[in-house]
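Visitor: Structure for this input, please:
(2 chains)
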Amino acid sequence: MRVGIIGIGMTAFRPSTPEYNWKELMFEAASRAYADAEINPREDVDSFITCAEDYYEGFGIFDEFVPDQLGAALRPTCTVSGDGLQGLANAWMQIQTGLIDVAVVEAHSKASDIVTLDGVIEHALDPIWNKPLGAHPFVVAGLEADAYLRATRTSPKALAAVVAKNRGNGLRNPLAAYGAAVDVDQAIRSEERFAPLRALDISNPADGCVVLVLAAERAAKKLHANPVWIRGIGWASDSPSLETRDWAGATYARLAADMAYRLAKVRRPVTEIDVAEVDDRFSYKELQHLESIGLAKRGEAGTKVVHGEYAADGRLPVNVSGGSLGCGNVFEATGLHRAAEVALQLRGDAGVRQLDGVRVGVAQSWRFIPSATGAVAVLGVGA
Amino acid sequence: MTARISRWPGIELRAADLYDGKVTQTRFHPDAKYAWSAGEAMSRFLQELQNGRFIARTCHKCERILFPPRMFCEECFRPTDEWTYIHDTGTIETFSVSYLDTDAKRIAEPILVGVVSLDGASPRMGMMHYFGEMTKDDIRIGMRVKAEWKPAAERRGSVLDVRYFRPLREGER
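Guide: Numbering: from 1, shown residues only, chains lettered A, B, ... in the order given. All right, here's what the predicted structure looks like:
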């Protein structure tokens, strides 16, 4: 059964949103998604899925607080404790059962509500094995960046090129919080943080909310929608132990992509994918992820980004939205934002950053420090 | 222990053994602090508490008066329409008599808690709070009560600006 995205709603991503609480933020994104899909959530939606981590929210049993602002009061709802793309996979599966015709997926970040963000992220480290060391949790990214750069002989200049590209792309995205004209020299000379990572290699937190409406093919037709099809979706986790996982490659991304490509019947991703949005919450992650999901050969992504191949006018546009470096780190909403951005491109609704002739795109997510979990979705338009 | 068992097998652990480090353990105090934005509706609600008033939002479609106030109607899924004050009197919908405090210690004077539907709001709209100036023998569902506010100078924009709900007095309605 074909399942398509028939509604897209997003708030702007901002460093902080003191004027709204998280429920009001969610109401805005949901209202936009339902207006886009031209549906009434009180009548047309069969299931609502939210993606959240209680520890980011600052209160327990987040799913209890969900229904009202989504139009889901007295309706089936559930929460996936994971990234938005994992929520998308769950909605896709619910529709595949045949019990659900229309499903809604929501993910958001209200990172500005977290006073001690570093402390909250640190709490994700293994309490007996790693946490007693007391290192800043972003050290994990430094360790991985170091292993990746060495194993693939990628130059630090490539990381700076990712930063310059994505911050620059953010300038053409009105929803982005951190669009800026940053040049390679500026990035490569920014303050050292977790070597080899520097200040500009690390995305900054943002608030924002993304809501997508999904429908089975028949339901989409009945609603006169013009769907962006979810051709394939996959997810996987590497070892949670820092000491046994693959540092150089992102194995979780490779396995998730294998599953998504198998479902989508994509055999040669390099030639079949027109546009990609991949997790770049640390600059090296964009390159590592591109190689892991088969869009570049191992060790080649760095050279390609330096040569402009991933620019909006390059051979494979990557993170035209600005990515997390340009839009901000929206935590569990990161993957859903990327799926929304690919869908907008495929629909031809990406505004001034619209690409020509894109028919198939890929969105890839990672569940942030210290996880080795990710998901991949292949989206497409037409028959 | 039971009549037949005077001692359990194994090693008994006491709290002191943990505090004295006689047991292998890992301690960590998470640094997790939050400062939630109250948002448009709750900010106004908290502000009005300082004035000793309850404020609600109306939805013109379902014609309900929503309390606590919210910027969206969960029934109609549309933005709500207007601010309106409601009364600080109401009716007890449900209550419980708590013989344990928050530390699970038994207390001599039980705490009375419950949910009050407030006058002027739509049915089953109100707030959970304590009850005072009554005993566990007086309290009953359907009882008419009124908010007992802290003095204006002590109000902080918190639901605790109301000390408790008490029975309506002679002449009050």
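Visitor: ranges for the strands of chain A?
Guide: Per DSSP state E, chain A carries strands over the ranges A:3-10, A:47-51, A:77-80, A:102-110, A:192-194, A:197-198, A:207-216, A:228-237, A:275-277, A:360-366, A:373-380.
Visitor: Contacts for the third one, please.
Guide: It stands for strand A:77-80. A:47-52, A:62-63, A:66-67, A:70, A:86-87, A:90 (CB atoms under 8 Å, 6 or more residues apart in numbering or on different chains). For glycine as for every other residue, the C-beta is placed from the backbone atoms N, C-alpha and C.
Visitor: So of these, which two are at opposite extremes in space?
Guide: In those, two members sit farther apart than any others by CB to CB. They are A:Pro67 and A:Gln86, at 20.4 Å.
Visitor: hmm, back to that, mark which of the contacts of strand A:77-80 are buried, thanks.
Guide: A:47-52, A:62, A:66-67, A:70, A:86-87, A:90 (16 or more other CB atoms under 10 Å in any protein chain shown).
Visitor: ok, and which of those reach chain B?
Guide: Near chain B, judged by CB under 8 Å from any CB of the partner chain, the entries from the buried ones among the contacts of strand A:77-80 are A:Pro67.
Visitor: My guess is A:Gln345 contacts A:Ala312. True?
Guide: No - the pair A:Gln345 / A:Ala312 is not scored as a contact, 10.5 Å apart, by CB atoms under 8 Å.
Visitor: So in terms of bridging, what pairs with B:Thr89?
Guide: Here B:Thr89 sits in beta bridges with B:Lys146, as judged by DSSP bridges.
Visitor: Quick one: mean pLDDT for stretch A:133-145?
Guide: The pLDDT scores in stretch A:133-145 average 95.
Visitor: Give the burial count for A:Glu286, as a bare number.
Guide: Neighbours of A:Glu286 under the rule other CB atoms under 10 Å in any protein chain shown: 32.
Visitor: tell me which parts of chain A are close to chain B?
Guide: So far as CB under 8 Å from any CB goes, chain A lies against chain B at A:17-24, A:27, A:31, A:34, A:40-42, A:55, A:58, A:67-69, A:71, A:73, A:110, A:112-116, A:118-120, A:122-123, A:127-128, A:131-132.
Visitor: that older thread, which one of the buried ones among the contacts of strand A:77-80 is nearest chain B?
Guide: A:Pro67 (6.9 Å; CB to the nearest CB).
Visitor: Look at that closest one and report its pLDDT.
Guide: 97.
Visitor: Contacts only, for the residue in the stretch 51-200 of chain A that chain B sits nearest to.
Guide: Chain B sits closest to A:Gly119 of the stretch 51-200 of chain A, with a gap of 2.8 Å, by CB to the nearest CB. Listed by CB under 8 Å, 6+ apart, the contact partners of A:Gly119 are B:Pro30, B:Asp31, B:Ala32, B:Lys33.
Visitor: check the residues you listed against chain A, which are close?
Guide: B:Pro30, B:Asp31, B:Ala32, B:Lys33.
Visitor: Could you identify which of those has the most neighbours?
Guide: B:Ala32 leads the ones next to chain A among the contacts of A:Gly119 on contacts (other CB under 10 Å) with 15 neighbours.
Visitor: so how far is A:Leu171 from it?
Guide: 35 Å (CB to CB, to the nearest Å).
Visitor: Tell me if I'm right that B:Tyr164 and B:Gly132 touch.
Guide: Yes - applying CB under 8 Å, one finds B:Tyr164 in contact with B:Gly132, separated by 3.6 Å.
Visitor: okay, and the common contacts of those two?
Guide: B:Glu148.
Visitor: more crowded one of those two?
Guide: Ranked by neighbour count (other CB under 10 Å), B:Tyr164 and B:Gly132 place B:Tyr164 first, with 18 against 14.
Visitor: ok, and the closest non-adjacent residue to the residue of chain A most remote from its centre?
Guide: No residue in chain A sits farther from the centre than A:Pro132, which is 30.7 Å out by CA atoms, centre = their mean. Distances taken as CB to CB, 6 or more residues apart in numbering or on different chains put B:Thr26 closest to A:Pro132, at 6.4 Å, once the chain neighbours are dropped.
Visitor: thinking again about what came up before, which of the contacts of A:Gly119 sits closest to B:Met42?
Guide: Using CB to CB, those come closest to B:Met42 at B:Lys33, 19.5 Å.
Visitor: Make CSV from the strands of chain A and add mean pLDDT and distance to B:Val115 to it.
Guide: Compiled in CSV, the strands of chain A are given as follows (pLDDT from 0 to 100; distance: least, CB to CB, whole Å):
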stretch, mean pLDDT, distance to B:Val115
strand A:3-10, 98, 34
strand A:47-51, 98, 26
strand A:77-80, 97, 23
strand A:102-110, 98, 28
strand A:192-194, 98, 50
strand A:197-198, 98, 52
strand A:207-216, 98, 31
strand A:228-237, 98, 42
strand A:275-277, 98, 47
strand A:360-366, 98, 42
strand A:373-380, 98, 41
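Visitor: As CSV, those with distance to A:Pro137 would be great.
Guide: Putting those into CSV (distance: least, CB to CB, whole Å) gives the following:
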stretch, distance to A:Pro137
strand A:3-10, 28
strand A:47-51, 21
strand A:77-80, 23
strand A:102-110, 17
strand A:192-194, 10
strand A:197-198, 13
strand A:207-216, 21
strand A:228-237, 18
strand A:275-277, 25
strand A:360-366, 14
strand A:373-380, 16
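Visitor: I appreciate the help and will end here.
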